[in-house]
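1. Build me a model from this:
(chains A and B)
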Amino acid sequence: MRERQLAAVFVEMADTLVADFDAIEFLHVLADRCVSLLEVSAAGLLLTDQRGALRVVAASSEETRLLELFQLQSDEGPCLDCFHTRQPVGVADLATDGAPRWPRFSAEARRVGFASVHALPMRLRDDAIGALNLFDVRVGSLPAETLGVAQALADVATIGLLQERIIRRGATLAEQLQTALNSRILIEQAKGVIAERKHVDVGRAFALLRTAARSQNRHLSEFASEVVDGATNL
Amino acid sequence: MDSERAARIWGLVAERARGAPISPAHICAAAAAGINVDGAGLTVMVGPTRREVVHATDRVADQLEEFQLTFGQGPCMDAFDHGPVLADELEAPGYLARWPAFTPAAIGAGARAVFALPLRVGAIRLGVIDFYRARPGGLAHGGLADALAFADAATTILLDGVDGGGPELKSIWPDGQAGDPAVVHQATGMISVQLGVRVDVAFARLRAYAFAHDRRLRDVARDVVERRLRFEPDEASQDVQ
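-> Purely as a prediction, here's the structure:
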């Protein structure tokens, strides 16, 4: 990857960690940047729900099939293993390395068109709060340098999430995680409302929601809440 | 694993109910016995600004709920508006500033730790479940997970009551309740527009449909999102594509 590109992304991330910070929007931007910087096909961020499951909070694409593939890993998959061990997990070839360890997940990932997967822990001291999940249509391991950057991006995601708790009067990590997950549900509900009102699919609905929130300088989840309550029309 | 915890929690609640329709009282009692807390209380939202205490396991729990409604402040209020509040040590600095009336009253009543979990599903906000303990200290990892699972159970019960659901619904632990997939929430949004109802009513209707047709919630939701199933006022109709 180009160094200038990398530097630009980190400057962008640092710029957003300021007063009017929107954690969910931040995580979406980060997922997007992972795809271009790390040269993979898709990226997703998953958080622990603190009851034993992982939940998607942001992804580089809102394609339903992709989101479901991330979410499948709540039961089995490299992401779940990564979260539990707090170590990166790399699968260079799903067909040979993935199938024996995670049969259901590997089959589904390959069906959708992916050939390799990597997962990096979102670390916080000795714990993990989730994982960064990377998919590629090509077989192969990520080079060591790329993995280093990927881990740094996962760490930035963690910092981003914690940033919001500082703003929210010192909420604990546990509180902040639950809030982030509930924000995600809000956004899913808003996608449905917009999809129905505008007669579009839920992926397009998300794009409309995000664009509208940005243009009105609103936090994504607060805006989504108003859309669902009927207080705001797009 | 998530669904194992949910099943265990549900089992504890069902034990308390002994065949009767499951109520907030059963959930509060099971939670108070199952987690490292001394008591529990549940407050529901009746409309956008009115709140009502529907159950408290003991006098202290009842007082804590009432203090918050009276003073208009406290972990319960903050949980409604923002998210979970885990106050491990009420005597720690900061809480007095945060809740100047509630904190001394709660301490006076005998509580040293209070945990408030909102009963919500995205934009659907139904109430709050509060736990207290006479000794300070956190919930610890497993305790928090169980507390969240009890809150999930309470959310289910309240949700089923939103649309006047019958007692049968209240004894069901829906498939995949340990975290509904995104498609369920998307379908909820769509149904709220199709029926012209609030999103909590929409979710209750979706669940009622799945129950009535003996289908998994996620499968019905998928039909809605992929536009094979539409909810019309008074009945749901199938569009044959």
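2. use CA for all of it now, contacts and neighbours both
-> OK.
3. low-scoring stretches of the chain, by residue?
-> If you meant another chain, say so; for now it's chain A. Counting by pLDDT under 70, chain A contains low-confidence ranges at A:1-2, A:16-20, A:164-171.
4. I was thinking of chain B, sorry if that wasn't clear
-> The model of chain B has pLDDT under 70 over residues B:1-2, B:163-179, B:235-241.
5. and chain B, which of its residues are near chain A?
-> B:1-2, B:5, B:82-86, B:121-123, B:144-146, B:148-149, B:181-183, B:185-194, B:198-199, B:225 (Cα under 8 Å from any Cα of the partner chain).
6. Can I take it that A:Ala128 is in a strand?
-> Yes - under DSSP: H, G, I helix; E, B strand; the rest coil, A:Ala128 sits within a strand.
7. Tell me the spacing between the nearest residue to it once chain neighbours are set aside and B:Thr103.
-> What sits nearest to A:Ala128 in space, not counting adjacent residues and going by Cα to Cα, 6 or more residues apart in numbering or on different chains, is A:Met122, at 5.4 Å. Plainly put, A:Met122 is 35 Å away from B:Thr103 if you go by Cα to Cα, to the nearest Å.
8. Counting neighbours, go ahead and name the busier of these two.
-> Taking other Cα atoms under 10 Å in any protein chain shown, A:Met122 and B:Thr103 do not tie; A:Met122 has more neighbours (29 against 24).
9. For the top helix by length along chain A, which helices and strands make contact with it?
-> Counting by DSSP state H, the longest helix found in chain A is helix A:173-198. Packing contacts for helix A:173-198, counted by 3 or more Cα pairs under 8 Å, 6 or more residues apart in numbering or on different chains; DSSP states H and E, involve helix A:23-38, strand A:42-48, strand A:54-59, helix A:144-167, helix A:202-215, helix A:220-229, strand B:113-121, helix B:182-195.
10. which residues touch the closest residue to A:Ile185 other than its chain neighbours?
-> What sits nearest to A:Ile185 in space, not counting adjacent residues and going by Cα to Cα, 6+ apart, is B:Gly122, at 4.8 Å. Contact analysis of B:Gly122 by Cα atoms under 8 Å, 6 or more residues apart in numbering or on different chains lists A:Asn182, A:Ser183, A:Arg184, A:Ile185, A:Leu186, A:Ile187, A:Gln189, A:Ser225.
11. again, 7 Å this time
-> Taking Cα atoms under 7 Å, 6 or more residues apart in numbering or on different chains, we find B:Gly122 in contact with A:Asn182, A:Ser183, A:Ile185, A:Leu186.
12. Would you mind giving me the ChimeraX syntax to select the buried ones in the residues of chain B next to chain A?
-> Only the buried entries of those go into this ChimeraX selection, using 16 or more other Cα atoms under 10 Å in any protein chain shown:
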select /B:2,5,83,84,85,86,121,122,123,144,145,146,148,149,181,182,183,185,186,187,188,189,190,191,192,193,194,198,199,225
